[in-house]
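K.L.:
Quick one, fold the following:
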Amino acid sequence: MQIKKVLAGGLAALTAGATLAMGAFAIDSLGDYVSASDGSLTSPTIVIGAPAQPSTDFAKDVLGAADIAAAVAGYATTSVTSTSATTSVSGGVDAATVDNKLYFRSEMNKAKDTLTSNDLTTLLAQGTANVDLAGTYTYNQYINIGARQTAFGNSGGDLDDPALYIDAGSDPKINPLYNTTVTFNKPLNLSHSDVQGGTLTLFGVEYTIGSNSKTDGTSGSNLVLELYGGANTQTIQEGAEATVNIGGTDYTVGVLGVSTSTSGVVTVNGVSKSVTKDNSYTIEGLDVYVKDIYYLSKETQTSSMKLVLGSSKLTLQDGSEVKTGSTLTGIDGTHVSIKGSAAGISKLTVGVAGADSSSDYVLAGASNAFEDPVFGTFKLALNGLTPALDDASRDQIVVDNSANTAATVKLTDYRGNTKTLTWAQTKTGSNFGPELNATSTRQYRVIEGQTVKENDYVLLAPSQESEFGHIYQLSDVDDIGGSNPSFTLTDEFSGDTVQVYLNNGYKEFYLDGQAYCAVNKSDTSMAFYWGAGVTCTASANAGSKTTAFPLIKLK
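P.N.:
All right, here's what the predicted structure looks like:
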């Protein structure tokens, strides 16, 4: 069955649909996005479903209610089954579930807000800090999906043509696209010398804890985690050299001399640099982290250094953006939060969003997948609508004018009833403009608790997104003040009527098994409330949350 939803709110907020088959994120091949080096996969991407590309010519099918799924990847290649397709991806996980689907404009964490090691067994595996400090320090890793939404447009003028995208925002602190989170089973004292120089594997990357790490307080510059990660670690003896290939470039790295247990001289391609233990340097374009120095004073013994080559330095300070390299260059669109005290770090959170307001979107399509800018080991991908906006299998919602004073919409509900509704009228008098009216006097009421006059139309649904939405006309309010007060609702699509008798000015009644509360407002008007927070009385209200523009299920 093909399903669509329509939002009858505002004057142009009509959305036409897509099937409920999961798989708005789609890629046919991962060949361009997964590469292998030394037996390990790098830059994995997540893709689910069939490719979709919106058409700029598809004017009448304005937007589709779609199954949307965002996903991230680890290392091991697995088959991820969504409700529309099975695609082999690198450690993939679907952000939607069979029972809780995502539609166009759904918040991305509506179905699943946290990914754990159960979802991504390698990327989010539980780890143990490899430190000399007494005790065992384990930690758990999570990816927390943010409440961002999909959109169709030009992203505030950033795009030349309208397109489908995830609105990633540019505020990683308050409203991130996602957070990466690490929680420790007990505080790890980053200021301790037995911790500095130890290792952590975070989101698939092994890092050495730098000597500038510290947990000397509860906030700001007192909480810093300095990390050095590298793909190639070499122990080179004094007077010796080693040739390594980093990023496709060959480097000749040597140890010219070791003078103490903390200092010496390193050469790269013949260029020498004095170095000290637990510090990083850029020599001839190669990042070098001096992990350890083994100084042997006897002439019969040879000293050596342990060097991390091609190292990537991250500085994570509470309340700041992530910084990289020895120059502490900030990564735009990131925010670090560290929970801890003088006893140690207990929680690390890195929020991620768009780098700025000009790049705060993730376009649909494999080539536009958003790669994590901090750890670089997973991607988030949006692969369009199912089916595509210009797919021949789509039904159409036709928005048209009616003479010079009204607008109509033709659509088919999920029961197969086709109806043309007049949904907008021009205002009369000097304040010319559109109104959400069927006629000059009959209005559409789209907010929970609004007063609905006799012959007005009301959208009733148990929640904003549900399978049970209806457009009703309040076709009669009868005998108010008499012995049998009642009201009658007429379904605009099927023509079915429901008569409800009031008791002391109110009544709880059921449509499709869903509870609603009707409250009489006058001889010719009613108000309607629903949801878990509603107690049906003559003074009922919407509670802490009011539903606006509930969606209507279409064919």
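K.L.:
which ones are touching the nearest residue to D496 once chain neighbours are set aside?
P.N.:
Counting by C-beta to C-beta, 6 or more residues apart in numbering, D496 lies nearest to T490, which is 7.4 Å off, once chain neighbours are set aside. To be clear about C-beta, it is placed using only N, CA and C from the backbone, and glycine gets the same treatment. By C-beta atoms under 8 Å, 6 or more residues apart in numbering, the contact list for T490 reads Y472, Q473, S475, D496, T497.
K.L.:
Also K347?
P.N.:
T181, V182, T183, F184, S337, I338, K339, G340.
K.L.:
and the second one, what are its bridge partners?
P.N.:
Using DSSP bridges, the bridge partners assigned to V182 are Q141, L348.
K.L.:
Touching, it and N140? I think so.
P.N.:
Yes: using C-beta atoms under 8 Å, V182 makes contact with N140 at a distance of 7.3 Å.
K.L.:
what about these two, which has more around it?
P.N.:
Using other C-beta atoms under 10 Å as the criterion, V182 and N140 rank with V182 on top: 21 against 15.
K.L.:
Which pLDDT value belongs to that one?
P.N.:
Per-residue pLDDT puts V182 at 98.
K.L.:
and the gap between it and K298?
P.N.:
43 Å (C-beta to C-beta, to the nearest Å).
K.L.:
cool, Q443 as well?
P.N.:
Distance from Q443 to K298, by C-beta to C-beta: 95 Å.
K.L.:
which residues in the stretch 51-200 of the chain form strands?
P.N.:
77-81, 86-90, 114-115, 127-128, 138-145, 150-153, 163-167, 178-188, 199-202 (DSSP state E, counting those that start in this stretch).
K.L.:
Of those, which is nearest G220?
P.N.:
strand 178-188 (17.5 Å; C-beta to C-beta).
K.L.:
Mind listing what's buried along the closest one?
P.N.:
Buried residues in strand 178-188, counted by 16 or more other C-beta atoms under 10 Å: Y178, N179, T180, T181, V182, F184, P187, L188.
K.L.:
Which one of those residues is nearest to K379?
P.N.:
Checking the buried residues of strand 178-188 one by one against K379 (C-beta to C-beta), the nearest turns out to be Y178, at 11.3 Å.
K.L.:
re the thing from before, the residue nearest to D496: helix or strand, and which one exactly?
P.N.:
strand 486-491 (DSSP states H and E).
K.L.:
quick check: mean pLDDT across that strand?
P.N.:
Strand 486-491 comes out at a mean pLDDT of 98.
K.L.:
ok, that strand: who's next to it in the sheet?
P.N.:
Looking at strand 486-491 with DSSP bridges, its partner strands are strand 470-478 (antiparallel), strand 497-501 (antiparallel).
K.L.:
Tabulate the ones you listed (CSV), appending mean pLDDT.
P.N.:
Below are these laid out as CSV (pLDDT from 0 to 100):
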stretch, mean pLDDT
strand 470-478, 97
strand 497-501, 98
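K.L.:
low-scoring stretches of the chain, by residue?
P.N.:
The chain contains residues with pLDDT under 70 at 1-91, 231, 429-430, 432.
K.L.:
Phi, psi for S367 please.
P.N.:
As for S367, its main-chain torsions (degrees, to the nearest 10) stand at phi -70, psi -10.
K.L.:
State the distance from it to D160.
P.N.:
In terms of C-beta to C-beta, S367 sits 17 Å off from D160.
K.L.:
Please identify which of those two sits among more neighbours.
P.N.:
Set S367 next to D160 and count neighbours by other C-beta under 10 Å: S367 wins out with 11 against 7.
K.L.:
Compare the strands of the stretch 51-200 of the chain and give me the one nearest A548.
P.N.:
Nearest to A548, of these and by C-beta to C-beta, is strand 150-153 at 18.2 Å.
K.L.:
so what secondary structure elements neighbour the closest one?
P.N.:
Secondary-structure packing of strand 150-153 (3 or more C-beta pairs under 8 Å, 6 or more residues apart in numbering; DSSP states H and E): strand 163-167.
K.L.:
Show residues contacting the strand it packs on.
P.N.:
For strand 163-167, using C-beta under 8 Å, 6+ apart, the contacting residues are 52, 54, 70, 108, 148-155, 159, 177, 360-364, 370, 380, 382, 384-385, 389.
K.L.:
just the buried members of those?
P.N.:
Neighbour counting over these (16+ other C-beta under 10 Å) leaves 52, 54, 70, 108, 148-153, 155, 177, 360-364, 370, 380, 382, 384-385, 389 as the buried ones.
K.L.:
Backbone dihedrals for the closest residue to G330 other than its chain neighbours, please?
P.N.:
Among residues not flanking G330 along the chain, E321 sits closest, at 4.5 Å (C-beta to C-beta, 6+ apart). Main-chain dihedrals, E321, degrees, to the nearest 10: phi -80, psi 160.
K.L.:
now the residue nearest to P485 when sequence neighbours are not counted: how far from A518?
P.N.:
Distances taken as C-beta to C-beta, 6+ apart place L502 nearest to P485, at 4.4 Å, with adjacent residues excluded. Distance of L502 to A518, given as C-beta to C-beta: 7 Å.
K.L.:
Between the two, which contacts overlap?
P.N.:
Joint contacts of L502 and A518 (C-beta under 8 Å, 6+ apart) are F487.
K.L.:
If you count surrounding residues, which of the two has more?
P.N.:
More crowded of L502 and A518, by other C-beta under 10 Å: A518, with 24 against 21.
K.L.:
Give the bridge partners for the more buried one, please.
P.N.:
Residues in beta-bridge contact with A518 (DSSP bridges): K507, F528.
K.L.:
That one is in contact with M526, isn't it?
P.N.:
Yes: contact criterion C-beta under 8 Å: A518 and M526 qualify, at 5.5 Å.
K.L.:
Tell me how far stretch 179-192 lies from the chain's centre.
P.N.:
Distance of stretch 179-192 from the chain centroid (C-alpha atoms, centre = their mean, to the nearest Å) equals 24 Å.
K.L.:
ugh, wrong one, stretch 298-308
P.N.:
49 Å.
K.L.:
Show me which residues of it are buried.
P.N.:
Neighbour-count burial for stretch 298-308 [16+ other C-beta under 10 Å]: S303, S304, M305, K306, L307, V308.
K.L.:
again, but for stretch 335-355
P.N.:
With the criterion 16+ other C-beta under 10 Å, stretch 335-355 contains buried residues 335-341, 344-346, 348-355.
K.L.:
hang on, the earlier thing: what sits in contact with each of A518 and M526?
P.N.:
Applying C-beta under 8 Å, 6+ apart, one finds that A518 and M526 are jointly contacted by F487.
K.L.:
Would you agree A353 is in contact with G169?
P.N.:
Yes: between A353 and G169 there is a contact under C-beta under 8 Å: 4.8 Å.
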